[in-house]
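*Asks:* I'll drop the sequence and a predicted model, then ask my questions.
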Amino acid sequence: MYPLIEIQTIPIEIQMKTTRAHLEYARGTAQLEISRDKKGLSIRSQPIQVNIDSFESRNSVMPTTSTLIRQQAQAGVQAAYQATAVLAREGRMMMEARIDQDIVPQLARQQTMGQPTNVNVEFLPTVGPDISWDGGEMSIRYEMDKLNFDWRMEQMSFTFVPGDIEFTMTQRPDVIIKYVGGPLYVPPSADPDYKPVDVNA
């Protein structure tokens, strides 16, 4: 005796899909401004400088008022010293003179022949100019051009996207009942394989 009915159970099938929460960045527009600073080559040259101070040279030819007063004062002092020396020398000679000596002609001879004759000849100017100089200078400077980059960006924005869980039923539950037995004949004697039941046995 075998079962006549076969029962098959089909379970439900569910597919689950999850999406994580994330931040979405909305890009802003950016502007770039480029500026250029020009440098280049610069050369600085300073030639030699000659300094000529001719004040003392001109002062020896044509003295200024202050120089003339100072020279005359020095000449007066020197003349006073010389006159004092001459008077002292002559006075001493007069004091030491003897009666048989004629001292006056001797003094006159010393005054005329002892002193050199001044003819007022001199070379002008007596002082040369003061000459000095400052050395020359040259400087060369080279600077490369400069590029300046200025980025201007608008405000950035972020959007929060929450997580998501999605359920999808891919197969519904079901019960399949299947009859696996042979055909039922009514009456049973209609079955071609029918065998009568022996009640006497």
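*Replies:* That came in fine, so what should we check first?

*Asks:* Give me the buried positions along stretch 53-70.
*Replies:* Neighbour counts over stretch 53-70 (16 or more other CB atoms under 10 Å) mark 57, 59-60 as buried. Just so you know, the C-beta spots here come from the backbone N, C-alpha and C atoms, and that holds for glycine as well.

*Asks:* now it, how far from the chain's geometric center?
*Replies:* 55 Å (CA atoms, centre = their mean, to the nearest Å).

*Asks:* Any regions of this protein where pLDDT drops low?
*Replies:* Scanning the chain for pLDDT under 70 picks out the ranges 1-2, 27-28, 90-124, 199-201.

*Asks:* which stretches of it form helices?
*Replies:* Under the criterion DSSP state H, the chain contains helices at 55-61, 65-95, 103-113.

*Asks:* residues in contact with the first one?
*Replies:* Helix 55-61 is touched from outside by 67, 124-130, with contacts defined as CB atoms under 8 Å, 6 or more residues apart in numbering.

*Asks:* quick check, nearest of the residues you listed to Glu137?
*Replies:* Nearest to Glu137 among the contacts of helix 55-61, counting by CB to CB, is Asp130 at 22.8 Å.
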